Every structure is written in structure tokens, then in C-alpha cells.
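Novice: The following comprises the amino acid sequence and a computationally predicted model.
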Amino acid sequence: MDSRWILDPERCKGCGLCTTVCPREIVYLSDRLNRQGYRTSAITDQEECISCGFCAMMCPDVAIEVYRPEKTER
């Protein structure tokens, strides 16, 4: 799985709580609007995400899912 951070834009109400808890400061409110007219959250770079899950825990609308990348053996 490539994505570490997945947003369901139709559940997002643009409260911005997720942006306040990201330790990497890569979650932000975008200019993109969902069907309800709310600005949705976005992430600047999937590779910078450390999969801490703070944003998903903070989201009152359960709009964010966070996955840990699978480790590959060398």
C-alpha cells in the first residue's frame, strides 16, 4: 500500500483539528471543497508521514485513515 494517509473528503467538515496535531506539520486545509462546501484536509507528502495516527484520532468525523507501510525484507 503506497498511501499512509487516506481522507474520505465527503466526511471531512474542515474543522482543522487534524492540522493541529501532526508532528511533521504536513496536514493542512486545502482549497478543495467537498459536496457539502467544506474545505477538506490534505497532506503535503505521503513519504513524510510517520503513520502516528494522531490526525485520525483527533478527527471527530472519522474521515482520516492512517496505515503503517509494510516492511520489506532485504
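Specialist: The structure has been received and is ready for your questions. Bear in mind that the values here come from a model prediction, so they are computed numbers and not experimental data.
Novice: Contacts for the strand ranked longest in the chain next, please.
Specialist: For the chain, the strand that runs over the most residues, judged by DSSP state E, is strand 27-33. Outside strand 27-33, the residues within contact range by Cβ atoms under 8 Å, 6 or more residues apart in numbering are 5, 9, 14, 16, 18-19, 39-44, 55. Any C-beta I mention is one placed from the backbone N, CA and C, and that applies to glycine too.
Novice: try it again with 10 Å
Specialist: Residues from elsewhere that reach strand 27-33 (Cβ atoms under 10 Å, 6 or more residues apart in numbering): 5, 7, 9, 12, 14-22, 38-44, 49, 54-55, 58, 64.
Novice: Same question for stretch 54-62.
Specialist: Contacts of stretch 54-62 (Cβ under 10 Å, 6+ apart): 5-8, 10-24, 26-27, 38, 41, 43, 49, 63-67.
Novice: circling back: I'd like the mean pLDDT over the longest strand of the chain, please.
Specialist: For strand 27-33, the mean pLDDT works out to 97.
Novice: Pull out the buried residues from that strand.
Specialist: Neighbour counts over strand 27-33 (16 or more other Cβ atoms under 10 Å) mark 27, 29 as buried.
Novice: Compute the first-to-last residue distance for stretch 10-30.
Specialist: With Cα to Cα, to the nearest Å applied, stretch 10-30 spans 14 Å between its terminal residues.
Novice: Ok, stretch 33-43 next?
Specialist: 15 Å.
Novice: In that stretch, which residues are buried?
Specialist: Under 16+ other Cβ under 10 Å, the buried positions of stretch 33-43 are 34, 38-43.
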